[in-house]
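[1] build me a model:
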Amino acid sequence: MKTLVIDFETRWDSKDYTLSKMTTEEYIRSPMFKAFGIGYKWYGEGEAQWVTHEDIPAWVSSIDWENTNILAHNAQFDVAILAWIYGVRPAFILDSLSMARALRGVEVGNSLAKLAEEFKLPPKGQAVHSTNGLAEITYEIEVELAAYCMHDVVLCEEVFKRLVKGYPKDELRLIDMTLQMFVNPVLELDKEMLHEAIEDERTKREALLKKIAIDETALASNPKFAEVLKGLGVVPPVKISKTTGEETFAFAKSDALFQALLNGSNEDVALICEARLKVKSTLERTRAQRFADISERGALPVPLNYYGAHTGRWSASKGSGLNLQNLKRGSFLRKAIQAPQGFTLIVCDLSQI
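    The predicted structure is shown next:
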């Protein structure tokens, strides 16, 4: 099979439409999304080329994707654009970023600029004119953007040539599988269950706060919560922080002293502690809302990084806001994930591995 090296240049706005504030899924599926163009090069052949926005659909139609591999640096982004915006499903996905993490480690930095420097390649360029906030670009800006993009395509190809020597084929398949779970999502989300769970949690939290007649901010703040406990005649529990080595409040759900208050005979104190947990447990609320938002846009992409942790395990993709590896057992979040029609979802536990 032939391999196509690609890199997209897209619209962005530092105020409210940028990957620094949005997940990759939100960004690409947004109505604001626009590809200014795509740089490409056939691996090992010819020169890099640029395809402008208007010509991308025709270019996409001209390629036999069933017999074409795709190579990109951070393929999760570029190949998701091909899949979600242009309906492309490549035969195989290669990702120089994933490979670099495995070979060089996750702590050293594996950006294209860093890898070009490490491999003594020409430096990654910088566009002179910023496209920040632009929905349309001038011919002059596009010429510059195209040169910048095509240079990145060449760098990606050269970096991959150095990384792929001796790289296990089974690992390349694992990278492809990981990326396919994101760019070609099949899992569905139960919208009704998610919205009901969000509303139910909100109602319970508000009812509990009303019952104890204490402001939510007093429960969220450690010093204020300590004062609330003192007002009930309870000495706030403390512990020695493993981080600082100094005394701090033992208000975490896992702290034995806090658990003693939560499960003690003083009903008022137990109620206050329960309310504290409700206020502090924002993670599940945030996840539920994120799931609900995704369900309005389409199927659930699985955002995992191959070799994302120094141990070699997968990690949640940076900025995804989701880690499908640690959904609470029996939670409504797990139950909201559904198999598509005609398929069955099987749950496995990898914790002992």
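[2] any idea of the pLDDT on the residue lying farthest from the centre of the chain?
    Going by Cα atoms, centre = their mean, the residue of the chain most distant from its centre is Gly233, 45.0 Å out. Here the pLDDT value assigned to Gly233 is 92.
[3] do the one 5 residues further on as well
    According to the model's per-residue confidence, Val238 sits at a pLDDT of 93.
[4] again, but for the one 10 residues further on
    On the pLDDT scale, Thr248 is placed at 93.
[5] please identify the helix or strand for the residue farthest from the centre of the chain.
    Under the criterion DSSP states H and E, no helix or strand holds Gly233.
[6] what do you get for Asn69?
    strand 68-72.
[7] what helices and strands are in contact with that strand?
    strand 2-10, helix 75-86, strand 92-95, helix 139-163 (3 or more Cβ pairs under 8 Å, 6 or more residues apart in numbering; DSSP states H and E). Any C-beta I mention is one placed from the backbone N, CA and C, and that applies to glycine too.
[8] so which of those is the most packed in?
    strand 92-95 (a mean of 24; mean count of other Cβ atoms under 10 Å).
[9] quick check: next helix or strand after it?
    helix 96-104.
[10] next, count neighbours for Leu187.
    18 (other Cβ atoms under 10 Å).
[11] ok, Ala250 to Ile63 distance?
    61 Å (Cβ to Cβ, to the nearest Å).
[12] ditto for Phe33
    21 Å.
[13] so what's Asp95 closest to, chain neighbours aside?
    Ala75 (3.9 Å; Cβ to Cβ, 6 or more residues apart in numbering).
[14] Met99 is in contact with that neighbour, correct?
    No: using Cβ atoms under 8 Å, Ala75 is not in contact with Met99; the gap is 10.4 Å.
[15] wait, what's in contact with Lys230?
    Pro236 (Cβ atoms under 8 Å, 6 or more residues apart in numbering).
[16] one step back: Ala250 and Ile63: which is more packed in?
    Ala250 (19 against 14).
[17] pLDDT on stretch 297-304, on average?
    96.
[18] just stretch 183-195 next, same as before
    Mean pLDDT, computed over stretch 183-195, is 94.
[19] just stretch 106-118 next, same as before
    94.
[20] what residues does it touch?
    73, 96-97, 100-101, 104, 121-124, 152, 155-156, 158-159, 307-310.
[21] what do you get for stretch 192-201?
    Glu284, Arg285, Ala288, Gln289, Phe291, Ala292, Ser295, Phe332, Lys335, Ala336.
[22] for PyMOL, what selects the buried ones among the residues you listed?
    Of those, the buried ones go into a single PyMOL selection, burial set by 16 or more other Cβ atoms under 10 Å:
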select buried, resi 284+288+291+292+295+332+336
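[23] and the contacts of stretch 192-201 as CSV, adding distance to Pro223 and secondary structure?
    Converted to CSV, those look like this (distance: Cβ to Cβ, whole Å; DSSP: H, G, I helix; E, B strand; the rest coil):
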residue, distance to Pro223, secondary structure
Glu284, 25, helix
Arg285, 24, helix
Ala288, 29, helix
Gln289, 29, helix
Phe291, 34, helix
Ala292, 34, helix
Ser295, 39, helix
Phe332, 33, helix
Lys335, 38, helix
Ala336, 37, helix
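[24] which of the contacts of stretch 192-201 sits closest to Ala256?
    Lowest distance from Ala256 to the contacts of stretch 192-201 (Cβ to Cβ) belongs to Glu284, with 22.8 Å.
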